[in-house]
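Visitor: What shape does this take:
(chains A and B)
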There are 2 protein chains.
Amino acid sequence: MLVAPDKVKSIASIGGGPIGAGWTASFLAHGYNVVSYLHDPAEEKAFRQFLSTAWTSLNALGFSEHGSLDGLTITFKLTDAVSNCHFIQESAPERLDIKQSLYRTLGDMANPLIVIASSTSGLTMTDIQLYCNTPGRTVVGHPFNPPYLLPLVEITGGKNTSPEAISWVKHFYDIAGKKPLVLKKEIPGFIATRLQEALWREALHMVANGEATPEQIDLALINGPGPRLALMGQCMAFHVACGEGGMATNLDQFGPSLKLPWSRLAAPELTQELRDRMVDGCNAISGGQSYSELAKKRDEGLVAILSALKNHRTIFT
Amino acid sequence: MLVAPDKVKSIASIGGGPIGAGWTASFLAHGYNVVSYLHDPAEEKAFRQFLSTAWTSLNALGFSEHGSLDGLTITFKLTDAVSNCHFIQESAPERLDIKQSLYRTLGDMANPLIVIASSTSGLTMTDIQLYCNTPGRTVVGHPFNPPYLLPLVEITGGKNTSPEAISWVKHFYDIAGKKPLVLKKEIPGFIATRLQEALWREALHMVANGEATPEQIDLALINGPGPRLALMGQCMAFHVACGEGGMATNLDQFGPSLKLPWSRLAAPELTQELRDRMVDGCNAISGGQSYSELAKKRDEGLVAILSALKNHRTIFT
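Guide: Numbering: from 1, shown residues only, chains lettered A, B, ... in the order given. Below is the predicted model:
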């Protein structure tokens, strides 16, 4: 790669929509110089407006002492954006033909030692890099909306991506204040979107069947599992809910209830291997912390979240 | 009913496990007198320990000026618990035979004008009330764990439950500081558990297929959709993510992507009727608030949650 992850100074952000603008805000707040490429000068006004909104939140959350809006340059020429940068974050429209054509161009235009990360949420890098002459440095770096606040970035490579590019970009996102997750396989929807999509489809089924309204679905989430999911994932929520026995108790005791019609999504066979992976995984996360330590942290965290939301103006009128 | 929902003074809480103890803590914090029935004197020590843990969190969150642990009486005789109360919250073990037998007993023992609410998460009231002679006043009042912190209570009736009992218990929970949700139909898993279960099954599939570890699943949730779900449900998250166009844009633009293999849960047919229900539902929640108002509230809420979690000791070691 051109520079080490901690030597990155200049970033090219491609795309004038909310994701491109969100990345730009996030990088600026972390002290990087950013050249943002917009496809059309008509996008500039909304882009600057979005940036200013994001900046208010970034300010409230607190950011790097080097963070500044002064680090921004806007350009309408792709070569200007990518010619002097150390990293490219691409947030072009979510259409395969557009991305393939863009990666064909970028593959020749940008220094081959620079990593290009795509914000795609639904396409695979194997497909996107198909006509790129330098596919080894192309990766997926999928943020969660809004990207200037939520820290998750899911990383995958395509068939022709080099392991070095994956490793480099993981370290870079770490330094840039994100929480990168390198996926083991290139699966559609990555991890977070798949989970969200399963929940979303169940919600749509309920609305289609007249079992719940969108309002009931949202109220059920924010007053029930939501605060817990902000704090710990579903695995650890069940691990802690089952007391000393943890995930092993959950699966051994409630395993049969996986067969209950609690969701339209059929459950996988609860094999010994799956059971062990779940139990070992939760034990690995716990790292020796006792049940009471975990439960205490859960409750403290929930109190913090619920207190914070107490004074928040709700969207539910 | 015996007294109006706002005249309730004494509550019988049946069950010495975490849910029974959690309800007891919640009711005490709201100033009620609670008689807790434990099946076995051997449970008392753990019950009191649990109560004391819950009290710490309730204290940190702030509660009614009348809230006090002094309002607690523990008994091992069911008649003592239910003979002088205004409401019964039942959190017996989650086995149909145990609940059916208990409701047969309670049906004759407790004043028929008193509502009995079951904490069951997986059984239906139609089944539970089968051998109860006074089924009209029996309802499901399903809390979310931990019940002393999370406000959701899902309410359903069984085949023989009276509408008056449903209406009474909804008002009672409102007054008791909970966020009750009356379901339109008696569906297995209610709303929140169904949604959570869909997510959980998808997670199990991913672990079974070697696509993700439990740790990756949890990190993806807490750094991605989790904080958003603490603040707004999935419907409003998508509504706000789509800018001015809201849910209509989401479904009209991304509707086709429901067919993508983003989850093992097959999507429902996106009929015009389903589309309209989703769009109308989100508009009803918005109640005339503009996109920018909603987005501003979302960002302020996320900042509040993320700031609160900044100083929280993480369970991820």
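Visitor: from here on, contacts and neighbour counts on C-alpha atoms
Guide: Will do.
Visitor: which bits of the stretch 1-150 of chain A sit near chain B?
Guide: Within the stretch 1-150 of chain A, the positions near chain B by Cα under 8 Å from any Cα of the partner chain are A:57, A:60-61, A:144-145, A:149-150.
Visitor: what's the angle from the longest helix along chain A to helix B:291-310?
Guide: Looking across chain A with DSSP state H, the single longest helix is helix A:291-310. In terms of direction (axes from the mean of the first three to the mean of the last three Cα atoms, to 10 degrees), helix A:291-310 departs from helix B:291-310 by 150 degrees.
Visitor: Just checking the distance from helix A:291-310 to the centre of its chain.
Guide: 24 Å (Cα atoms, centre = their mean, to the nearest Å).
Visitor: Name the residues of that helix that are buried.
Guide: A:291, A:294-309 (16 or more other Cα atoms under 10 Å in any protein chain shown).
Visitor: give me the subset of these touching chain B.
Guide: A:294, A:297-309.
Visitor: Identify the farthest-apart pair in these.
Guide: Greatest spacing in those, by Cα to Cα: A:Leu294 and A:Leu309 (22.4 Å).
Visitor: follow-up on the earlier one: and the longest helix of chain A, what does it pack onto?
Guide: Applying 3 or more Cα pairs under 8 Å, 6 or more residues apart in numbering or on different chains; DSSP states H and E, one finds that helix A:291-310 contacts helix A:225-231, helix A:234-241, helix B:44-61, helix B:291-310.
Visitor: Mean pLDDT and distance to B:Cys132 added to those, as a markdown table?
Guide: Formatted as a markdown table, these follow (pLDDT from 0 to 100; distance: least, Cα to Cα, whole Å):
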| stretch | mean pLDDT | distance to B:Cys132 |
| --- | --- | --- |
| helix A:225-231 | 88 | 32 |
| helix A:234-241 | 86 | 31 |
| helix B:44-61 | 90 | 28 |
| helix B:291-310 | 79 | 45 |
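Visitor: Quick one: those as CSV, columns for distance to A:Leu258 too.
Guide: As requested, the helices and strands packed on helix A:291-310 are arranged in CSV below (distance: least, Cα to Cα, whole Å):
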stretch, distance to A:Leu258
helix A:225-231, 18
helix A:234-241, 14
helix B:44-61, 28
helix B:291-310, 32
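Visitor: Please identify which of those is closest to B:Ala248.
Guide: Of all the helices and strands packed on helix A:291-310, helix B:291-310 comes closest under Cα to Cα, at 12.8 Å.
Visitor: what about A:Leu274, distance to B:Gly15?
Guide: 33 Å (Cα to Cα, to the nearest Å).
Visitor: Comparing the two, which residue is more hemmed in?
Guide: B:Gly15 (23 against 20; other Cα atoms under 10 Å in any protein chain shown).
Visitor: Look up the pLDDT of the more buried one for me, please.
Guide: Note for B:Gly15: predicted pLDDT of 97.
Visitor: Quick check, it in contact with B:Ser91.
Guide: Yes. Contact criterion Cα atoms under 8 Å: B:Gly15 and B:Ser91 qualify, at 5.0 Å.
Visitor: What's the local residue count around the residue lying closest to A:Gly17 once chain neighbours are set aside?
Guide: Distances taken as Cα to Cα, 6 or more residues apart in numbering or on different chains put A:Phe47 closest to A:Gly17, at 7.0 Å, once the chain neighbours are dropped. Neighbour count for A:Phe47, taken as other Cα under 10 Å: 21.
Visitor: can you give me the helices for the stretch 101-250 of chain A?
Guide: Assigned by DSSP state H, counting those that start in this stretch, the helices in the stretch 101-250 of chain A fall at A:125-128, A:163-175, A:192-208, A:214-223, A:225-231, A:234-241, A:246-254.
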